[in-house]
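**Student:** dropping a prediction and its sequence here:
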Amino acid sequence: MQLTNQMDTPLNYPTVVERYFTKYFRKGVDNEDVCILKHSNRICVVTLASNHPALKEGPVQKVSFSPQGKDFHLDNKIHGKKKAGAAKVSPSTVICSVTSGSGKEYLIKCGTRGCIMEMNEHLLTTPTLLNTMRETNGYIAVIYRNPQQEKQSFDSNDLLTEEQYNTLINEDAMKTENNEVSMKTENNEDSIPCDKKMEVT
């Protein structure tokens, strides 16, 4: 009887994110999507979705926490059990700007309702953390949802589960591929001389 050495079989342990957080996504215009990692203690970690164009245009050049005059990093003075002084945000609140490798600036919305507990100051000096470690050291902000906010349905109509988001992304990719094939076919037909077209017909 031959026994398989268990040490030869790689063990795929779940990551910290997979073990303790549930992923949600909010779709944006032109794939400017954000990912929200929700913990059972009402803490949410906001970061970019992997499909965000800012991550596809080369290494991120710059992250700013004062894109519209309000600096969430410097102005956030939190104290007390009720998180007094924390900046309140809604899903549409712009919390930072990200300048991609192409030099284009993207305004990043919070994606959920709550109070800002922390902005990741490491992104100010090492913005490429968004490219390499977006779900861990490259997160953007930590948001706290109070009990009253938590009573509201977190999984609302415009928030997608990871499964729903992946399905939507795959469908969009297939549509884009089909459109490219269709355009290529039309261009090839346009390049055929008229006399050749008559011969074909």
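**Tutor:** Here it is on my side, so go on.
**Student:** contacts and neighbour counts: CA atoms only from here.
**Tutor:** Will do.
**Student:** distance check, the residue nearest in space to the middle of the chain against Ser92.
**Tutor:** Centroid-nearest residue in the chain: Ala49, 1.9 Å away (criterion: Cα atoms, centre = their mean). Using Cα to Cα, to the nearest Å, Ala49 is found at 16 Å from Ser92.
**Student:** helices along this structure, start to end?
**Tutor:** Assigned by DSSP state H, the helices in the chain fall at 16-20, 53-56, 122-125, 129-132, 147-151, 162-190, 194-200.
**Student:** what's the least confident stretch among these?
**Tutor:** Mean pLDDT is lowest for helix 194-200 out of the helices of the chain, coming in at a mean of 54.
**Student:** I'd say the residue nearest to the centre of the chain and Lys23 touch.
**Tutor:** No - applying Cα atoms under 8 Å as the test, Ala49 and Lys23 come out as separate, 10.2 Å apart.
**Student:** overlap in contacts of the two?
**Tutor:** Cys35 (Cα atoms under 8 Å, 6 or more residues apart in numbering).
**Student:** which stretches in the chain count as strands?
**Tutor:** Along the chain, counting by DSSP state E, strands occupy 21-26, 34-39, 43-48, 62-64, 88-89, 94-99, 105-109, 114-119, 141-144, 159-161.
**Student:** need the contact partners of the fifth one.
**Tutor:** Contacts made with strand 88-89 from outside it, assessed by Cα under 8 Å, 6+ apart, are listed as 110, 112-116.
**Student:** can you list those residues in CSV and add neighbour count, distance to Cys44 and pLDDT?
**Tutor:** Listed next are the contacts of strand 88-89 as CSV, based on neighbours: other Cα atoms under 10 Å; distance: Cα to Cα, whole Å; pLDDT from 0 to 100:
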residue, neighbour count, distance to Cys44, pLDDT
Cys110, 27, 10, 93
Thr112, 25, 8, 91
Arg113, 20, 10, 89
Gly114, 23, 9, 90
Cys115, 23, 10, 89
Ile116, 27, 10, 91
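**Student:** tell me which of those residues is nearest to Leu160?
**Tutor:** Checking those against Leu160 with Cα to Cα, the nearest one is Thr112 at 12.0 Å.
**Student:** excluding chain neighbours, what is closest to the closest one?
**Tutor:** Spatially, and ignoring its direct neighbours in sequence, Thr112 is nearest to Pro91 (4.1 Å; Cα to Cα, 6 or more residues apart in numbering).
**Student:** swap in Asn31?
**Tutor:** Using Cα to Cα, 6+ apart and skipping the chain neighbours, the partner closest in space to Asn31 is His52 (5.7 Å).
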